[in-house]
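*Asks:* make a model of this:
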Amino acid sequence: MTTLVDLNGTRWTGTSELWLDPLGNDAVMSACTVEVDGSTVRYRWSYEGKECDGLLALGPATSFVDTFHSPKPMACRVLPSARGLVQVEGGYGEQLEWGWRIGLFHRSASDQLVLLMTNIAPSGEETRAVRMIVARA
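*Replies:* Reported below is the predicted structural model:
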């Protein structure tokens with residue numbers, strides 16, 4: 001089984017899907033890249049011609065920052081028993097009533113990475129936000 005350590009120093013390219021409509025039916029597509037470097041996962045994509053980038057920093061002070069979703073670093077916690085290479089979860093809003101989860105998964109048969117971002121409503125309902133499917137560059 002592949003681990004995040006096994007992917008250190010790798011770069012991946014592919015397609016990003018961004019869901020902005022409330023029903024989650026229409027995705028905005030763009031090219032994207034993902035890089036794994038030590039305990040960080042960096043990614044780049046675009047929206048309406050503007051380049052966006054993000055960083056998931058794993059470690060004692062795990063955090064997430066993204067120029068489109070959250071330009072200020074957001075604290076998050078690693079979900080230790082979750083499937084995949086890594087999954088983190090955090091909250092946002094004034095009372096942290098909304099949540100989100102980011103997961104990085106390796107499709108070993110096709111050697112692809114999938115980066116998933118999910119919004120979690122105060123009611124617990126989960127909706128897709130972003131999916132990046134990338135192959136080694």
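*Asks:* now do the strands in the chain.
*Replies:* Secondary structure of the chain (DSSP state E): strands at 10-19, 27-37, 40-47, 50-57, 63-66, 70-75, 77-78, 86-92, 98-107, 112-120, 126-136.
*Asks:* the shortest one packs against which elements?
*Replies:* Using 3 or more C-beta pairs under 8 Å, 6 or more residues apart in numbering; DSSP states H and E, the elements in contact with strand 77-78 are strand 86-92. Quick note: C-beta positions are derived from backbone N, CA and C, even for glycine.
*Asks:* direction included, what does the lowest-mean-pLDDT helix or strand in the chain pair up with?
*Replies:* Ranked by mean pLDDT, DSSP states H and E, the helix or strand of the chain with the weakest confidence is strand 70-75, at a mean of 88. Strand 70-75 pairs in its sheet with strand 63-66 (antiparallel), by DSSP bridges.
*Asks:* what about the strand it pairs with, average pLDDT?
*Replies:* Averaged across strand 63-66, pLDDT comes to 94.
*Asks:* contact partners for the closest residue to Y43 other than its chain neighbours?
*Replies:* Spatial nearest neighbour of Y43, chain neighbours left out: V34 (4.7 Å); criterion: C-beta to C-beta, 6 or more residues apart in numbering. V34 is in contact with R11, W12, G14, V41, R42, Y43, L113, L115, M132, V134, counting by C-beta atoms under 8 Å, 6 or more residues apart in numbering.
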